[in-house]
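S.K.: Need a 3D model of the sequence below.
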Amino acid sequence: MAIDGGKMSTKLHVPARLLAAPFFASLAFYSAPALAASLTQPWQFISVEGDCSLMAKYSDGTGMFVTAKRIGTQDVVTMRMVNAAWPRVEGQQAGGLTLSSGEKLTPAVSTGTRTGSDILYASAYLRDSGIIEKLSASSSMNIYIAGGQRGPFPLANFASQVPALQRCVGWPVTGAAGSSAQATRPAPTTAPPPVQSPAPVAGAVAGNSIAQPRGEWELKRNSSGQCDVTVSYDDGTVISIFARRSDEPGKNFLFFFAANARWRGASPETEFNGSMAFSNNVSRDALAGLKGTVDLGSGTSWGSYKFGYIDEKSDVAALFSSQSWMQLREGSAAIGKYSLKGSSAAMTKLRGCAGFGTQTTAQVETTTQKSKLAKQKLIEIFDHIILADSRTWMFNRYDPGSVYDFQITQYDARGDPATIRVFYTYNRGMKGYVDVSMLHGEPSCMRFHDNGFVCKPVY
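M.R.: Numbers count the residues shown, from 1 in each chain. As a prediction, this is how the structure comes out:
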């Protein structure tokens, strides 16, 4: 099968008899009796190597996959059926579906091949044929394959899984009856916008929709001893959290890796301004952020984002264990919002696997209290150094004791703060800030918001 210039074609030989008359006019379509099969594994959504699919298994040994994707400029639905008992098939096939309503669907192309001990039959339909909606509204289907009719195959619960498939591939979500909230498919997503842009990046979850995990978080340890937990979401995103222990107390590393076939990552990897926001309105900037493309082979690529945090300093692990959702962000743009269901237990297992130990609720509260005291102490120090410098100001007047917040905007290679932005007021309430450069853990010089070219020494 080939897609050229937005049109689907096949370079395989097409028998003249198929061109001379409509496919379903052939009596061969009815040549073999149908053998009823029952569901042994109900239809369920899966996302493997970038494919968004629905899968089911039947009592006659048939495994079936319905996959939606964009190939070139066309939206395509492919159906793959596997069964070791079917006769040998190779190359282009005469194929099709008959729905419980009696309607017959002709594929754009059908192929067959032997894969090990199994026979794999595949047929492709353009999405415009409405095949997903028609399958959703049917109770069963028969398929014509390998010289005979197979089935009927019941489609119980197929319709309930379709919304997850449509969200994964980025199509408008339809109901079981096939009605859509949108008349046409949205324009294809493009590359993530620059950090300064407020528009959402490609593949971002629309509005306040929260993607839900499909299954449990899975813990793994690789051959080098690195630990990670992984979960898949119903929008096609896969999130993995990797833990790496540090020899320095309080500087263990957590890396959050998110990938989705619909994202358009830059290649090779490039840095970006990444952060996480949680359901309690707390956000944490990443120590390091990378975006790129993961090549999964066979022409399949996923856009990916990687966020790096120092565990105890950022308390991201504690936030993951206590909040209901988190949002990945690129600058001011939302990449996606994800439920943290099951993440508390997963984080406990991950920290234990990596040798971090676990934090009890009391320990988290103690750490939080210590953090508040430390922050207040730093505010007092920043107030002192700004007050000392303000004695040299010619026009403005500093409001003593007005430092109300600060944030770390840059880290050095060791993960220590390199620049801290301190917020204060002057001239009786006007807001300003100063970027304090740190050297060996101590303030070294300051760049004020109204004179950023000069870094004034700290005395």
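
S.K.: Per-residue pLDDT of Gly355, please?
M.R.: Per-residue pLDDT puts Gly355 at 76.

S.K.: That one: neighbouring residues, count only.
M.R.: 11 (other CB atoms under 10 Å). Bear in mind the C-beta positions are built from the backbone N, C-alpha and C, glycine included.

S.K.: go on, Ser38?
M.R.: So Ser38, with other CB under 10 Å, has 10 neighbours.

S.K.: mind checking the SS state of the residue lying closest to Pro417 once chain neighbours are set aside?
M.R.: The shortest distance from Pro417 to any residue other than its chain neighbours is 4.6 Å, reached at Ile408 (CB to CB, 6 or more residues apart in numbering). Per DSSP: H, G, I helix; E, B strand; the rest coil, the secondary structure class of Ile408 is strand.

S.K.: and Ile408, what does it touch?
M.R.: Residues near Ile408 by CB atoms under 8 Å, 6 or more residues apart in numbering: 285, 417, 419-421.

S.K.: Extract the C-alpha trace of the host helix or strand of Gln161 and format it as PDB.
M.R.: Element membership for Gln161 (DSSP states H and E) is helix 158-169. C-alpha atoms of helix 158-169 as PDB (Å, rounded to 0.1, in the frame of the first residue of the first chain):
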ATOM      1  CA  PHE A 158     -16.500  -1.800  20.700                       C
ATOM      2  CA  ALA A 159     -18.400   1.600  20.700                       C
ATOM      3  CA  SER A 160     -17.500   2.300  24.400                       C
ATOM      4  CA  GLN A 161     -13.800   2.100  23.500                       C
ATOM      5  CA  VAL A 162     -14.000   4.400  20.400                       C
ATOM      6  CA  PRO A 163     -13.700   7.800  22.200                       C
ATOM      7  CA  ALA A 164     -10.300   6.700  23.600                       C
ATOM      8  CA  LEU A 165      -9.100   5.800  20.200                       C
ATOM      9  CA  GLN A 166     -10.300   9.100  18.700                       C
ATOM     10  CA  ARG A 167      -8.700  11.100  21.400                       C
ATOM     11  CA  CYS A 168      -5.400   9.300  20.900                       C
ATOM     12  CA  VAL A 169      -5.300   9.900  17.200                       C
END
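
S.K.: Quick check on Ile379: phi, psi?
M.R.: phi -60, psi -40 (degrees, to the nearest 10).

S.K.: what's the pLDDT at it?
M.R.: Ile379 is given a pLDDT of 90.

S.K.: Same check on Ala362?
M.R.: 48.

S.K.: again, but for Trp86
M.R.: On the pLDDT scale, Trp86 is placed at 79.

S.K.: element containing Thr98, please.
M.R.: strand 96-99.

S.K.: Filter the contacts of Ile408 down to the ones in strands?
M.R.: 285, 417, 419-421 (DSSP state E).

S.K.: Return the list of strands paired to the strand holding Thr98, each annotated with direction.
M.R.: strand 104-105 (antiparallel), strand 140-145 (antiparallel) (DSSP bridges).

S.K.: Quickly compare these and say which is most buried.
M.R.: Among the strands paired with strand 96-99, strand 140-145 has the highest mean neighbour count (mean count of other CB atoms under 10 Å), at a mean of 23.

S.K.: Run the chain-centre distance for it.
M.R.: 34 Å (CA atoms, centre = their mean, to the nearest Å).
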